[in-house]
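Colleague: build the 3D model from these lines:
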Amino acid sequence: MTESLVQIRSLTKHYTRGKQTVEVLHGIDLDIPRGGFVALMGPSGSGKTTLLNLIGGLDTPTAGSVSVDGKRIDQFSGGELAKWRAEHVGFVFQFYNLLPVLSAQKNVELPLLLTKMSGAERAKRAQVALTLVGLADRAGHKPNELSGGQEQRVAIARALVTDPTLLVCDEPTGDLDRKTADEILGLLQVLNREHGKTIIMVTHDPKAAEFAAHTVHLDKGLLAEDAAAH
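Modeller: Here you go, the predicted structure:
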């Protein structure tokens, strides 16, 4: 029995727009195993990104609980949540969010600026992360000197540099062609299988979901779980 890294119970999320209350998630229960690779799928507006943001501590629930590695992150204050995120979560988005004026190396170092690490240690950690994603030879290149796939690899290296507990990916291949997308998904698979990273990925692409070990379907804020692990 694999231990759960993420435990979600009766998770509900409402947003208020003017006088209207929009209920995005309705009492969800979900366990994500430590070392798992889970794809969250569902139509647009099904609540996938909302669920991902709640797991990654970017948002807080209206009701219910979110535990990650035994910690109830739904009970954290804003400051505690920010600190927890910085230490435990690596984020990969559809758009790479790299700073154009910085080299790949300096972009990867960015999350470490929040730590007490020395400049030399930051540089070393960034080099290790870039090597892991196969871009050690591009460390000095700026984003405009890289392909889209290379930019996403830099973004993944940046997400990995703090050695996070959890890698949270929102449509990580949504902006890439099929061949490049498959290379990035293959990289995520290696990080999961060989380096033990727990990965949660939102995708609308069934081919992308095939790279995950487990797929969870959301529809209108409810789970319709596909228990067939690949």
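Colleague: from Q150, how far out is the residue lying closest to V101 once chain neighbours are set aside?
Modeller: Sequence neighbours aside, K142 is the residue nearest to V101 in space, at 7.2 Å (criterion: Cβ to Cβ, 6 or more residues apart in numbering). In short, each C-beta sits where N, CA and C put it, glycine included. From K142 across to Q150, the span is 11 Å (Cβ to Cβ, to the nearest Å).
Colleague: now do R158
Modeller: Taking Cβ to Cβ, one finds R158 at 13 Å from Q150.
Colleague: between the two, tell me which one has more neighbours.
Modeller: R158 (26 against 19; other Cβ atoms under 10 Å).
Colleague: wait, is the more buried one part of a strand?
Modeller: No. Under DSSP: H, G, I helix; E, B strand; the rest coil, R158 sits outside any strand and is assigned helix.
Colleague: now do the closest residue to it other than its chain neighbours: how many residues are near it, please.
Modeller: Counting by Cβ to Cβ, 6+ apart, R158 lies nearest to V108, which is 4.7 Å off, once chain neighbours are set aside. By other Cβ under 10 Å, 30 other residues sit near V108.
Colleague: and V108, which helix or strand is it part of?
Modeller: helix 104-109 (DSSP states H and E).
Colleague: so the residue lying closest to H217 once chain neighbours are set aside, which state does it fall into?
Modeller: Nearest non-adjacent residue to H217, counting by Cβ to Cβ, 6+ apart: A224, 4.6 Å away. Per three-state DSSP, the local secondary structure of A224 is strand.
Colleague: local confidence estimate at A224?
Modeller: A224 carries a pLDDT value of 78.
Colleague: also A229?
Modeller: pLDDT, A229: 37.
Colleague: now G35
Modeller: 90.
Colleague: can you give me the buried ones in the longest helix seen in the chain?
Modeller: If you go by DSSP state H, the chain has its longest helix at helix 178-193. By 16 or more other Cβ atoms under 10 Å, the buried positions in helix 178-193 come out as T180, A181, D182, I184, L185, L187, L188, L191, N192.
Colleague: next helix or strand past that helix?
Modeller: Per DSSP H and E, the helix or strand that comes after helix 178-193 is strand 198-202.
Colleague: partners of that next one in the sheet?
Modeller: In the sheet, strand 198-202 lines up against strand 37-41 (parallel), strand 166-170 (parallel) (DSSP bridges).
Colleague: of those, which approaches V101 most closely?
Modeller: Closest approach to V101 among those (Cβ to Cβ): strand 166-170, 24.5 Å.
Colleague: contacts for that closest one?
Modeller: For strand 166-170, contacts defined as Cβ atoms under 8 Å, 6 or more residues apart in numbering pick out 5-6, 49, 52, 55-56, 68, 88-94, 159-160, 188, 191, 197-202.
Colleague: returning to that earlier point: packing partners for the longest helix of the chain?
Modeller: If you count contacts as 3 or more Cβ pairs under 8 Å, 6 or more residues apart in numbering; DSSP states H and E, helix 178-193 packs onto strand 37-41, helix 148-160, strand 166-170, strand 198-202, helix 206-209.
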